[in-house]
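Student: 3D model of this:
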Amino acid sequence: MKELNPKIECVSLQPDSPFHGLEGLKHMATAIVPRIYDPKLADRDIEIATEAAYEAVKRLARAEGLLVGISAGAALVGCEMVAREVSEPAVIVTVFPDSADKYLSERFWDEV
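Tutor: Reported below is the predicted structural model:
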């Protein structure tokens, strides 16, 4: 994408601590880093709190009717963080990489 538009900023997300509940995401400082990982691809990294991702999952389900997984909740939180920093009109794009089918038994759904 950057070859087509060098103004594009790529942001990576990771959990804010080594012991987290963000399935599919790695805390890179403490994880075994996959060989395919290239830290130069992202212009910056954002750390996401597990609780914020859980809240985003519930909000997407209740308000938007989207049943997404925890890493998708983290992606939304990251987009919201970027949006708060932007001073001019921008387009923010993410991918919701998973659905909630394997997380339906998680306890955060029971909370009011």
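Student: which helices and strands does the longest helix anywhere in the chain pack with?
Tutor: If you go by DSSP state H, the chain has its longest helix at helix 70-85. Packing contacts for helix 70-85, counted by 3 or more Cβ pairs under 8 Å, 6 or more residues apart in numbering; DSSP states H and E, involve strand 11-15, strand 44-48, helix 50-59. To be clear about C-beta, it is placed using only N, CA and C from the backbone, and glycine gets the same treatment.
Student: so which of these comes closest to Val86?
Tutor: strand 11-15 (11.6 Å; Cβ to Cβ).
Student: just the CA trace of that closest one, in PDB.
Tutor: Presented in PDB, the C-alpha positions along strand 11-15 are these (Å, rounded to 0.1, in the frame of the first residue of the first chain):
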ATOM      1  CA  VAL A  11       0.100   0.600  12.800                       C
ATOM      2  CA  SER A  12       0.600  -2.700  14.600                       C
ATOM      3  CA  LEU A  13      -1.200  -3.800  17.700                       C
ATOM      4  CA  GLN A  14       0.000  -5.900  20.600                       C
ATOM      5  CA  PRO A  15      -1.100  -6.600  24.200                       C
END
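Student: got the angle for it vs helix 50-59?
Tutor: Relative orientation of strand 11-15 versus helix 50-59 (axes from the mean of the first three to the mean of the last three Cα atoms, to 10 degrees): 110 degrees.
Student: surely Cys79 touches Val91?
Tutor: No: contact criterion Cβ atoms under 8 Å: Cys79 and Val91 do not qualify, at 10.8 Å.
Student: those two: which has the busier surroundings?
Tutor: When Cys79 and Val91 are compared for neighbours, Cys79 comes out ahead with 17 against 6, by other Cβ atoms under 10 Å.
Student: give the contact list for the more buried one.
Tutor: Ile92, Thr94 (Cβ atoms under 8 Å, 6 or more residues apart in numbering).
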